[in-house]
Structures are given as structure tokens and as C-alpha cells.
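Asker: Sequence and predicted structure are below.
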Amino acid sequence: MNRRDTPPEDLTEEDAGAELAALAEEIAAADIAYHQNDAPDLTDAEYDALRRRNTAIEALFPSLKRADSPSGATPGAAPAAGFAKSRHGTPMLSLDNAFAPEDFAEFAKSVRRFLKLGEEEVLRFVGEPKIDGLSVNLTYENGVFVRGATRGDGTVGEDITRNLETLDDLPRRLPAPFPGHIEIRGEVFMTKADFLAFHAEQTRLHEEREQRRERGEKVGPDIRIPANPRNAAAGSLRQLDPEVTARRPLKFFAYAQGASSTPVAETHWDYLEQLRAWGFQVNPLSRLLPDEHAAEAFQAELAGQRAGLDYDIDGVVYKLDRLDWQKRLGFVGRTPRWAIAWKFPAEQATTVLLRIEIQVGRTGALTPRAVMQPVNVGGVMVQHATLHNEDEIARKDVRIGDTVVLQRAGDVIPQIVSVVLEKRPATSEAWRPLTHCPACGSHAVRPEGEVVRRCTGGLICPAQTVERLKHFVSRNALDIEGLGEENIIALHNAEIVKSPADIFRLAPHVETIRQWEGWGKGSKKDSRKIANLLAAIESRREPPLERFIFALGIRRIGAQNAKLLARHYHDVAEWRAKMLAATTIGSEAREELGSIQGIGPAIATELAEFFAEHRNREALDDLLSEVTPLPAERIGGSGSPFAGKVVVFTGTLEQTSRDEAEAVAERLGAKVTKSVSKKTDFVVVGADAGSKAKKAAELGVRTLTEAEWRQMAAQG
Ligand code: IVH
């Protein structure tokens, strides 16, 4: 049987891991095909099936959930639940495209033909920059903004009134005179500068979330990183919470009319004037063109200005100025006969790839970046492009010295589209991933089934130091009060704290620190701050072993796994020795590690990678010269029937709280989890238990009543 046909619950751990990797890749590829290339290669049903399978496997093998898990992300175009539907007074249309002067000439000719105009009649057009944002329909009743909707399918959109109300560019009231009822249309967009700042911020939040997730901490909803200003604007407008929209820098240009109880103007140009008078922003580059022959020059003029504009435009929309003629021309299908979008050529250019640079993220992820001979792409000088990951490089077979095609289609961030193979130097070689971190020299590894290569020098890599230190002092780790991010950065920049051990060696630097703003220069309160911090640090010289292990920030060693390790190995010397021995694949120590209930081979590999790096061992030993972790209770030896078992509590317990029961189970050496799977050993069923009890029965997992649990727990 093909692995894909195996029911998730029958998969081995190894197969499950391999399949999650394959699914992550397939779903990511489908997402790209759908959202970025607008060319879905799977049917919706096929796509949904992939996602469902991924979720099912993750539920059964929670420890295998990947950092790049598709379940962490929400699909881009999912209909936003929670918005009411809103029917437009007149349909919101799309436009036919022109790409060359001949296309435009043909369009003008068809207008003349339709209206039976002679050569002597002049066709005036209004040319407007075509911004790639989101069109919206605004309804005003008696001059008051009452409703705003997305375009939707052109007939019915989503009511996003509350979100649109947060836009500065949107007048809430129109100054008189105005029609009793009128629909006004235009584009919501984000400027390039705002997008870049927003993109950077989302990337930072995303990374932070990933780190928390890796440490096994609770995380909020997925942070979306928008690919381009249009996605950013769309995502911002479709927020269920208008306060979120309010914080996003959205702008609005008005450019079209929908239904209106009385006519507003006789020409489109006058209509735009009226919009301005009502307080709308109308694109100042819009121009009334005296005749159809002026379009070509205007097109060239805007193409020339394009790169310097603070927003993306992908062409020019030409609208026949006379509204009576527009009315007569009407529509074919979903496009008007009186307007056309003349698109700019795709922003592409070719250049030479000089080298592939590796950037080290704050979590140790190595990301390749192309460095190219600087080239003008659609008016913007470009010399860098992200290559995402090494698979992407292999897929495109991008090599140093290659001539590559670069593109900025709508996206501000350039991409390498393809390689011009005919121009490949004869001597070129396929690119090989780095074996060592460029920031610290530690070895770099790519765990099987993952796309990202990572630096293993967590404790010493300068690119990761600040994050590691933050983690080291955080609440579930060493819990050192008074060492927030700002202080860590300051101490790190001053080269006082470069590794966790340095935190315990602050005393000789007190005089230096005292000179800093807010650190004792001024008030008495400030000088107490240093004393308090030093005291907080001193009080942590004997941390419980599990906190100590967690604090090291080893990948996949969250609080729960740290606890398992501490309980198993008892004291730090033993743990250190066994971890070192476990770096040898097949060794007894490695077997022992992998067989700890809840650890498993994948996590064993992470630990082994960490200890295989001598720099980490040095940093650890350095730290151990400053702190003495307290031994943990040993499990297994306790003789409790729960030692080393996976236990789930469900329903309401009568005699104790759930929290207390879980703590008791953990003290007895159990691993307490939230969901029932084949790996669960016991499900303790309280009153009003729901699906978990049912699942336990289905999977044949042993269930215990509260009384049985208490009795067994009392044994050890
Ligand atoms: S007029 C019938 N004017 O282009 C009139 N559209 O392909 C239809 N767009 O959905 C719209 N700038 O999102 C018009 N100055 C402009 C525009 C513009 C951008 C977008 C809009 C619309 C799409 C039509």
C-alpha cells in the first residue's frame, strides 16, 4: 500500500515524519501556485484533502509537528467568516487589457464603430494610474458614509464598513450638494515604504512566534507575512477586528461611480473634480487627454515615473470622458466597452549571479540570498533576491556565474524567475549548501524532512545570541528579573554579556553599567536597579536541572522535554556525559535517549547535534563553572504505575483540581498531554467527559475513573 493511502493512525513514526515533510512541501507549492502565480495546480478538493491529512497526522504525532507546518498558516484566500454579504447597487466590473499601441488603437476604433462616430469627432479620455490594490464600494446616504464593501464576485461583496471607517482618506460626510444615495468606488492600497516596514515587522513577529513554538510555549494565531503591498492591503482590510485595520497604513484613491440617485457630472473628468470637492483623494497623476492619440505619450510618461512612485502601478486605465457615451456603450460580459487597462510590460531584467550569501536568522535558520550584478528592474535598482531555501536553488538549478531573469511583478521584493541556460559558463558547478554557519563557524545541519538548514551553535552564534540570552533569563528558564530585552541588548552591545555564563560575571562591570542612562546615573531608584539585578542573578545560581536544560534553548527542548530529561538523568554531570556519548549514532546512550518516553529519535538527534558542537560544550562548561543545577527527582525508580507513562485527564475531577492532578502525575514520572493518541497510556475520565473519553475507547487506551487514579497514584 502506498504511504498516502495508509490511514494516519497506522503510520509508523518514521513514515509520519516523512509524510509531514512531503505534505508541507506540497501544500506550500500549491499555495504559491494559487496565491502568487494565480495558477492553481490542484483542485480545491485535492488541496483540502492534503490539509486534512496533515492535520490528522499532526494530531496523532504532536511531537513531529514541523516548524513550517502548513497547519500553522491560514490559507490566503479563505472566505473570511464573520463578514456580512453586501450587494452592490450596480455591478463592480473588471477591465479589458491592452499591452501595445495597436491594442489601444483597436479599442478606440471599436468605440467609434459602436457609437457610429465620424473621423471629425474627438474622443477625449481620462488616463488614470492603475494601482494594484483592492477595489471597494462605498455607499453614502444623505451624504453620510453608511456602508463599505469589497468587490467580491462583482455583484456581492463583503461588508467591511467598520474596517473602512478606520481609513483617513475616507470622508465620513460629504459636503453638500450630494445625491441622496450614491456609491463611490476606488482602490485601497499600501505604499511601498509602508509595505516594507510592515513586512519587516511581520517577519519579526513571525520569527518570535516560531521560537516560542519551538520551545513548546503557547503561541497566538499565525503571523502572515505578506508577499506584496496588495496582499498586505487585502489582509489588512479583511481583519475581523477593526482595531487591527486601524493600525495598518492604508490609503484610498477614488476613481469610479456606482449607483447614484441623481447624476453627478457630465464627464468623467468633472466627476473626479466632484470627488475631490467631497474630500476624496483622487490620484493627482490622472489626466484629461485631448484625444485618443495622446494616450501613447501618456503611457510612456507614466511608465517613466513608475519606479519613482511610492505605490505600485501596473498600467494606466483609460476611460472615455463623456458619460453619455459611456452609458450608450455599456458592457460586454463583465467589462465596459468604454474603458481599457493598458498594462506596462512585466518588470523583468537579466543579470549575472555573483554569489550566494547565507544570512543567519535569529533562530539559527540559514537563508540563502542571491547577490547579483546590480540591474534596473522596472526602474528600481536591484542586486539582491531571496532564494528562500536550498531546495529552491536546486529546483531552479541556480549557479554562481549564471545569467538569471529577475522579476518584480507587483512584488516589491524581487525574485529570480529562471536561469538563461544558453549563457551558463562551461565551468559552472551546482551550488552546494554550506556545512558551517557563516556567523560562528559551528556546523550547520538540515534535519531529515525539513527544508531549513540551521546553525547548531546556539549558545555562541552571534546572530542568535540576543535571542538565546532572552530565552535563558525568561520566566520558565532561569527567570532572572530585571533583564529585559533592552538590557540584554545593551549588555551585549557593550560586549559585557556574550554568553549565558557572562550574566553571572556582571560584578566587575558595575561601574561601567552605572554610567548608563537609567542605571544609576541619576536617582537613587536607578542605583537600586543594579543592586536588585545582581541580587536576582545571584539567587539563580542553583536552578533546578529541568529549568537549566530548558534555558539552554536547544531546539525542540521545550519545558516539557527538559523536564523529561531532568527526571531521567537526574543530575547535570550525568546528563552531560550521556549526551556526549549519545552523539555517536547507535551508541547505548543514544538508544537510551531515544527510548525515553516522549523524547523519541527526532529529538534525540537535536540533542546530539547540540552536543556534537564543541563550542556549545565549551559554553555549557563555562556556564557550569558559574551555576550548579540542582538534581531532579529520578523517574522510573519510583515504582509508580505512572512512571514514564503518557497520561491524559479529561472531564471534571471531583476531589482535586485538574491542575493538581496533573502535577501529581508529573511528580510520579508521567508525561501529561492534552490529546489522546495511540501513544497515550492512561486517560483519567472525570465527570462530563466528552470526545477524549470516546477517542480513548476507540483507540483501546486504558481509561481510569477518578477513584482508580487516586488509588494507583497513592501507590507511589
Ligand atoms: S475602473 C468599469 N479605475 O483594476 C470600471 N479600476 O481590472 C472598473 N483599478 O477591480 C474599474 N485602478 O481594482 C478603475 N483608476 C482605476 C483603477 C482600477 C486600479 C483596478 C480595480 C479594478 C481592476 C479592474
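Answerer: Received it, and whenever you're ready, just let me know what you need. Numbers count the residues shown, from 1 in each chain.

Asker: hey, let's count contacts and neighbours off CA atoms from now on
Answerer: Noted.

Asker: And for residue 138, nearest residue in space, chain neighbours not counted?
Answerer: If you skip the residues right next to it in sequence, residue 138 has residue 148 as its closest partner in space, 4.4 Å away by Cα to Cα, 6 or more residues apart in numbering.

Asker: meant to ask about residue 393, not that
Answerer: Of all residues beyond its chain neighbours, the one nearest residue 393 is residue 387 (6.4 Å), with distances taken as Cα to Cα, 6+ apart.

Asker: show me the contacts for the one you found.
Answerer: Under the criterion of Cα atoms under 8 Å, 6 or more residues apart in numbering, the contact partners of residue 387 comprise 367, 368, 369, 370, 393, 415, 416.

Asker: Can you check the pLDDT for the fifth one?
Answerer: I take that to be residue 393. Model confidence at residue 393, given as pLDDT, is 91.

Asker: what's around the closest residue to the ligand within the stretch 601-716 of the chain, how many residues?
Answerer: Among the residues of the stretch 601-716 of the chain, residue 675 lies nearest to the ligand; the distance is 45.7 Å by Cα to the nearest ligand atom. Using other Cα atoms under 10 Å, residue 675 has 19 other residues around it.

Asker: So it sits against residue 691, correct?
Answerer: No: with contacts defined as Cα atoms under 8 Å, residue 675 does not count as touching residue 691, sitting 9.9 Å away.

Asker: contacting residues for the residue nearest to residue 138?
Answerer: Contacts for residue 148 (Cα under 8 Å, 6+ apart) come out as 136, 137, 138, 139, 159, 160, 161, 164.

Asker: Residues of the stretch 1-150 of the chain that sit close to the ligand?
Answerer: If contacts are counted using Cα under 6 Å from any ligand atom, the residues of the stretch 1-150 of the chain sitting beside the ligand are 93, 94, 95, 128, 129, 130, 131, 132, 134, 135.

Asker: burial count for the third one?
Answerer: Right, residue 95. The tally of other residues near residue 95 (other Cα under 10 Å) stands at 16.

Asker: and the closest residue to it other than its chain neighbours, what is it in contact with?
Answerer: The spatially closest residue to residue 95, leaving aside those adjacent along the chain, is residue 335, at 5.1 Å (Cα to Cα, 6+ apart). Residue 335 makes contact with 93, 94, 95, 96 under the criterion Cα under 8 Å, 6+ apart.

Asker: Among those residues, show me the least confident.
Answerer: Lowest model confidence among those falls on residue 93, which carries 87.

Asker: That residue touches residue 336, doesn't it?
Answerer: Yes: at 7.3 Å, residue 93 counts as touching residue 336 under the criterion of Cα under 8 Å.

Asker: and those two? which has more neighbours close in?
Answerer: Regarding residue 93 and residue 336, a neighbour count based on other Cα under 10 Å identifies residue 336 as having more, with 18 against 15.

Asker: quick one, what contacts that one?
Answerer: Applying Cα under 8 Å, 6+ apart to residue 336 gives the contacts 93, 94, 95, 96, 329, 330.

Asker: show me the contacts for the fourth one.
Answerer: Applying Cα under 8 Å, 6+ apart, we find residue 96 in contact with 335, 336, 339, 340, 341.

Asker: Low-confidence regions, the stretch 501-650 of the chain specifically.
Answerer: Applying pLDDT under 70 to the predicted model, the residue ranges of the stretch 501-650 of the chain that meet it are 520-527, 634-638.

Asker: tell me which element the residue of the stretch 601-716 of the chain closest to the ligand is part of?
Answerer: Using DSSP states H and E, residue 675 sits in no helix or strand.

Asker: can you check residue 616 too?
Answerer: Secondary structure assigned from DSSP H and E places residue 616 in helix 614-624.

Asker: For the helix or strand of the chain with the lowest mean pLDDT, which helices and strands make contact with it?
Answerer: Between all helices and strands in the chain, the lowest mean by mean pLDDT, DSSP states H and E belongs to helix 44-60, at a mean of 76. The contact analysis (3 or more Cα pairs under 8 Å, 6 or more residues apart in numbering; DSSP states H and E) places helix 44-60 against helix 13-31.

Asker: ok, for the residue of the stretch 151-300 of the chain found nearest the ligand, nearest residue in space, not its chain neighbours?
Answerer: With distances taken as Cα to the nearest ligand atom, the stretch 151-300 of the chain approaches the ligand most closely at residue 255, which sits 5.4 Å away. With Cα to Cα, 6+ apart as the criterion, residue 255 has its nearest non-adjacent residue at 5.0 Å, and that residue is residue 186.

Asker: which is the next helix or strand following the helix or strand hosting that neighbour?
Answerer: Under DSSP H and E, the secondary-structure element containing residue 186 is strand 181-189. Next helix or strand after strand 181-189 toward the C-terminus (DSSP H and E): helix 192-214.

Asker: Touching that next one from outside, list them.
Answerer: 67, 218-220, 222-226, 228-229, 232, 249, 310-312, 362-363, 412, 555-558.

Asker: Give the PyMOL command for selecting the buried subset of the residues you listed.
Answerer: PyMOL command restricting the contacts of helix 192-214 to the buried ones, with burial defined by 16 or more other Cα atoms under 10 Å:
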select buried, resi 67+223+224+225+226+228+229+232+249+311+312+362+363+412+555+556+557+558
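
Asker: Restricted to helices, list the contacts of helix 192-214.
Answerer: Within the contacts of helix 192-214, residues falling in helices by DSSP state H are 229, 232.

Asker: For residue 594, grab the count of nearby residues.
Answerer: Burial of residue 594 is recorded as 18 neighbouring residues (other Cα under 10 Å).

Asker: from memory it sits against residue 607, does it?
Answerer: No: here residue 594 does not reach residue 607: they are 10.2 Å apart, not a contact under Cα under 8 Å.
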